[in-house]
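S.K.: predicted model and sequence below, questions to follow.
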Amino acid sequence: MNFSLCFRSRLLALMFACVTMGAVVRAADLPALLQERVKSVVAVEFFTETELDRRPTVTNAFVADTNGTLVLPPGVIDGRVQPSQLKDFRVYLPGKPTTEFARAVYLGQDPLSGWHFVRVEEKLRAQLTPITAFAAAPTLAEPAMADDYWGIGLRRKDEDFMPYFLSGKISNVQSLPERTAVALLEVAAPGLPVFNKDGALAGIAIGGFGSTYVQFSRNERGSPLMLMNVEESRVFKLVGDVLPWMSRVPASTSGRPIAWLGAYGLQPMDPDVAAFLKLGNQSGCVVSEVLADSPAQAAGMKDRDIIVAIDGRPVPRFTPDQVAVSYIEREILKRKPGDKFPLTVLRGSDRVELVATLADQPKLQREAERKYFGKLGVTVREFVYGDGVLRRVKPADQRGVIVNFVKNNSPVGTAGLRPDDWILEVDGTEVKTYAEAVAKLTAIEADATRTDFVLLTSRNNATAVQRVKLK
């Protein structure tokens, strides 16, 4: 998508223009406000090391505290990437030459907000201002429709991440489940702060919201088209909901502890069903499956229970309905393993009170042990709890390893192996553990006389035997 026309009207020079800024803030105030608030944003570059290459990523970040803690948006790091693969974090000040940068270390991802935290080296901290310095006290009033809000965008690396001004009027405010404002025009780059006309922190811009258009042609009457601006955002979560997240710096790069209930496949209750059940102006979520050995199972939760209250408080009604799922998930993640989690569920026509004791989330895919076999062209990782959920395998029956990566034109790639295949046997021998699988594959790779070997794999619940030719 070409955003040149959009950007051309929003270059840095506009930050000091007076003609179009009168509705947002007095022209005399604008340069001073911007100069201070630019100190609360940076650009961050890092590299992800894979089996074959080293891939750069550039993103925006805001300053969370005086300790040099920076916050990156949720989607900038693939959830399957191990923290150990993230290398060489570099922090750039907006508008400064990109030859001048500071180093940073990755701290981990907060499971509630999804934010990634990094900490920049001390030499840069004196030049940064936490966005909390601009937070109003008491908490800022909620935006009203037609109010003006503004923020900052950053140009690309080859333009020294030059900052530029963005502004727009509020169109509406709704719960998603955090209170979220939508503006008519872009108000900030995703992951960067948004301010009101007085320069007070109003929220954090989020990505993922596009605009739907209808495209006409001679051959079609009209087809919907989604346009998404990945460099600017019209949507921001309000400061009152996100301010508590600033202090949720992970204790480890894995993001643990992570509270876990084990109610899988939550689905929002249809409004007509809620009306039929006489639930009033509230919502609920249907539990598709209660996972084995989970806190939900221990508490007595059943498949198809409908969660209608947490801590005695009814689940609010949201629009769209799917937001109710996020609401319940966030209520869990706000807590810690070991916390009591009271629930009210509908089971048929009965209301049942349950109290679950939350546990720590089972090992995640990004935490799984893995090993790359260069000669074979494959990376395998240990089978984790989530793999069993996807494949409907009980914990007691979990075994083997999962294919994490397949090199193109490698022996295993030519044999037809694909990522996410489940390896059950190697050369006719069952591999019950990750260690057994690694030992078998290591021996095969080290044997210069081997011409082939055989794998028994499972894909989409269908098993297959694959012969891998080494020569």
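M.R.: Everything's here; your move.
S.K.: drop to CA atoms for contacts and neighbour counts, all remaining ones
M.R.: OK.
S.K.: check contacts around residue 68.
M.R.: Residue 68 makes contact with 119, 120, 121, 122, 124, 125, 128, according to Cα atoms under 8 Å, 6 or more residues apart in numbering.
S.K.: same check on residue 169?
M.R.: Applying Cα under 8 Å, 6+ apart to residue 169 gives the contacts 145, 146, 147, 148, 149, 183, 184, 185.
S.K.: the same query, at a cut-off of 6 Å, please.
M.R.: Applying Cα atoms under 6 Å, 6 or more residues apart in numbering to residue 169 gives the contacts 146, 147, 148, 183, 184.
S.K.: check residue 42 too.
M.R.: Residues near residue 42 by Cα under 6 Å, 6+ apart: 61, 92, 93, 94.
S.K.: any buried residues in stretch 407-426, and which?
M.R.: Buried residues in stretch 407-426, counting neighbours by 16 or more other Cα atoms under 10 Å, are found at 407, 410-415, 417-426.
S.K.: all strands of the stretch 251-400 of the chain, in order?
M.R.: Ranges of strands within the stretch 251-400 of the chain are 259-260, 263-264, 267-268, 285-286, 289-290, 306-310, 313-314, 340-347, 350-357, 359-360, 370-373, 378-382, based on DSSP state E, counting those that start in this stretch.
S.K.: figure out which of those strands is closest to residue 141.
M.R.: strand 313-314 (24.6 Å; Cα to Cα).
S.K.: give me the contact list for the closest one.
M.R.: Outside strand 313-314, the residues that touch it by Cα under 6 Å, 6+ apart are residue 308.
S.K.: where do the helices sit along the stretch 201-350 of the chain?
M.R.: Along the stretch 201-350 of the chain, the segments classed as helices by DSSP state H, counting those that start in this stretch run 239-242, 271-276, 295-298, 323-333.
S.K.: and the closest residue to residue 101 other than its chain neighbours, how far from residue 73?
M.R.: The shortest distance from residue 101 to any non-neighbouring residue, by Cα to Cα, 6 or more residues apart in numbering, is to residue 92 (5.0 Å). Distance of residue 92 to residue 73, given as Cα to Cα, to the nearest Å: 16 Å.
S.K.: ditto for residue 449
M.R.: Separation of residue 449 from residue 73 (Cα to Cα) stands at 50 Å.
S.K.: the contacts of residue 68 in strands, which ones?
M.R.: Using DSSP state E, the subset of the contacts of residue 68 located in strands is 119, 120.
S.K.: dump the contacts of residue 68 to CSV, plus distance to residue 437 and pLDDT.
M.R.: What follows is the contacts of residue 68, written out as CSV (distance: Cα to Cα, whole Å; pLDDT from 0 to 100):
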residue, distance to residue 437, pLDDT
119, 37, 98
120, 40, 98
121, 41, 97
122, 44, 96
124, 46, 96
125, 47, 97
128, 49, 98
